[in-house]
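>>> Based on what follows, work out the 3D shape:
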Amino acid sequence: MTRIYFDNAATTPLDREVLDAMLPYMTTNFGNPSSIYSYGRESRMAIENARKSVAKILNTHPGEIFFTSGGTESNNTAISSAIRDLGCRHIISSAVEHHAVLHTVEHYGGGEEMSHSNVKLLSNGHVDLDDLDMQLAAQKKRCLVSLMHANNEIGNLLDIDKAGAICKKYNAIFHSDCVQTVGHYKMDLRKTPVHFISASGHKFHGPKGIGLLYVNDNIKIKPFLFGGGQERNMRAGTENLYGIVGFAKALELAMTNYEKDREYIQSLKTYMIGKLRAAIKGVVFNGDAEGRCLYTVLSAAFPKTEKSEMILFNLDINHICVSGGSACSSGADIGSHVIQAVNNNPNLVTVRFSLSKHNTKEEVDAVVEKVKELI
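As a prediction, this is how the structure comes out:
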C-alpha cells in the first residue's frame, strides 16, 4: 500500500526545483563564503542573492534578514535578545505557543528580575487581544510580547497587525513565531508592526536545518553567536550555504504559486471536514477550523473508545502519517498542551491532519474511510 502523508505541518517534502537549486552548492560551488578567492566569493554571492530574494518577498530590507538553523533558534534568539539587549523585564505570551517559545519564556521568565504571564484564550482558542491590551496597560515593566501567527496544532490565526498595533501603543517589543505562515501567506513586514519574526524552510517544501530571524531595523541587538563575522557579525559560524539557497528558492516557488495552492489546499480541507462529519458521529474540530484558521491544518477530535485511543498507532500501521499534536514532541507520550488549553475533554481523542499541494481528494477519501473503520 502506498503511504499517505497528512503531516505537512511537521515537515513537507522537498520540492524538486529546490533540490536542483541546492545541488551545485553541495558539489561544485562548495567554497567557504568567508574565503577571499573565487570559490568563496561565488558562495558569498549566492547567500546575499538569497537574502535579497527573501527580503523582497517579505517586503523588507535585506539587512533585517538573518539566516538561522530554524524556527527554534530564531524564537530563542528573539526572546533572549529582547531581555538582554532591549530591557524587557516582563514577557506576555500564551498557553498555546510552540514549546520553542513556551520553554524559553519559562526559562527566562522565572528569575527575580523577570516575570511572565499568559494572555487569556477565547472559547474558540483565539488569543484574547483585549486581555493583551489590559495586561500591557497595567504593566510597569518594559514588555516583550511573543504570540504565534498561526498555531501549529489547531491552525488558529492571530490578527498579527492588531496585536502589533496594541504592542506599539505601549512601547512593547513584539515577536511572532511565523513558522507555520511564512511560505503560506503573503507578508508585508514594512506594514506589519512587529520587531521579530521566525520562519523555517522545511514547512514550505524547503530543506530542514535552515530558518530565518527577521530583526526590525529600529531595534539594535548584540550578536547571538560569537566567534566570526558571519551574518554581519550577528551569528558566527560557517553559513549553511545550500540550505540558504534552498530556503530562498522554496519561498520564491511558494509565493509564485500561492493563490493556486492556497485555493486547492483549502478545498481539500473543506472537503475533509464534510467527509468526516458524514462518516463519524460526534466528531468535533478543535479551534476555529472553519473561521480564521490555517488552510493547511485540520485538528479533529473523535469520541474516545478502546479503538479510537489507538488511532494514531493504527493509522501508522495502515501507512497513513498524521500526528496527535506537534511533531516536535512526538515520541513523548504526553497530551498536547495546546489541546489541554483549548478543548480539555478527556472523552475525545485528537488527530491533526495537515495538508499540502501534493495531497488529493482520493487520499482524503481513503483516510476518512480508514478512520471510520478504526473508530
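
>>> And the chain, what are its domain boundaries?
Using automatic domain parsing, the domain ranges for the chain come out as 4-12+258-374, 16-256.

>>> Looking at the ones you listed, which one is packed in the most?
Most buried of the domains of the chain, by mean neighbour count (mean count of other CB atoms under 10 Å): domain 16-256, with a mean of 20. The way it works is simple: take the backbone N, C-alpha and C, and place the C-beta from them, glycine included.

>>> low pLDDT regions in this protein?
Within the chain, the stretches with pLDDT under 70 are 1, 325-334.

>>> name the helices or strands packed onto the longest helix belonging to it?
Secondary structure of the chain per DSSP state H: the longest helix is helix 258-279. Judged by 3 or more CB pairs under 8 Å, 6 or more residues apart in numbering; DSSP states H and E, helix 258-279 is in contact with strand 297-303, helix 361-374.

>>> How far off centre is that helix?
What separates the centre of helix 258-279 from the centre of its chain is 21 Å, taken as CA atoms, centre = their mean, to the nearest Å.

>>> Just want the angle from it to strand 297-303.
10 degrees (axes from the mean of the first three to the mean of the last three CA atoms, to 10 degrees).

>>> Not counting helix 258-279 itself, show me its contacts.
184-186, 254, 283, 285, 289-290, 295-298, 300, 353, 355-357, 359-361, 364-365, 367-369, 371-372 (CB atoms under 8 Å, 6 or more residues apart in numbering).

>>> Direction included, what does the next helix or strand after it pair against?
For helix 258-279, the succeeding helix or strand toward the C-terminus, using DSSP states H and E, is strand 284-285. Applying DSSP bridges, strand 284-285 is found paired with strand 297-303 (antiparallel).

>>> Using PDB, list the CA coordinates for the strand it pairs with.
Coordinates of the C-alpha atoms in strand 297-303 are reproduced here as PDB (Å, rounded to 0.1, in the frame of the first residue of the first chain):
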ATOM      1  CA  VAL A 297      -4.300  22.300   9.300                       C
ATOM      2  CA  LEU A 298      -7.300  20.400  10.400                       C
ATOM      3  CA  SER A 299      -7.500  19.300  14.100                       C
ATOM      4  CA  ALA A 300     -10.200  16.700  14.600                       C
ATOM      5  CA  ALA A 301     -11.400  15.200  17.900                       C
ATOM      6  CA  PHE A 302     -13.100  11.800  17.900                       C
ATOM      7  CA  PRO A 303     -15.200  10.200  20.700                       C
END
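
>>> Residues contacting the next helix or strand after that strand, please?
Sequence order places helix 311-317 as the next helix or strand after strand 297-303, per DSSP H and E. The contact list for helix 311-317 (CB under 8 Å, 6+ apart) reads 302, 307, 321-324, 349, 351, 367, 370-371, 374-375.

>>> And the furthest pair within those?
Across the contacts of helix 311-317, the longest distance by CB to CB is 19.5 Å; it joins 307 and 321.

>>> For the spatially most central residue of the chain, which residues are in contact?
Centroid check for the chain by CA atoms, centre = their mean gives residue 179 as the closest residue, at 2.1 Å. By CB under 8 Å, 6+ apart, residue 179 lies in contact with 71, 98, 148, 152, 198, 199, 200, 203, 211.
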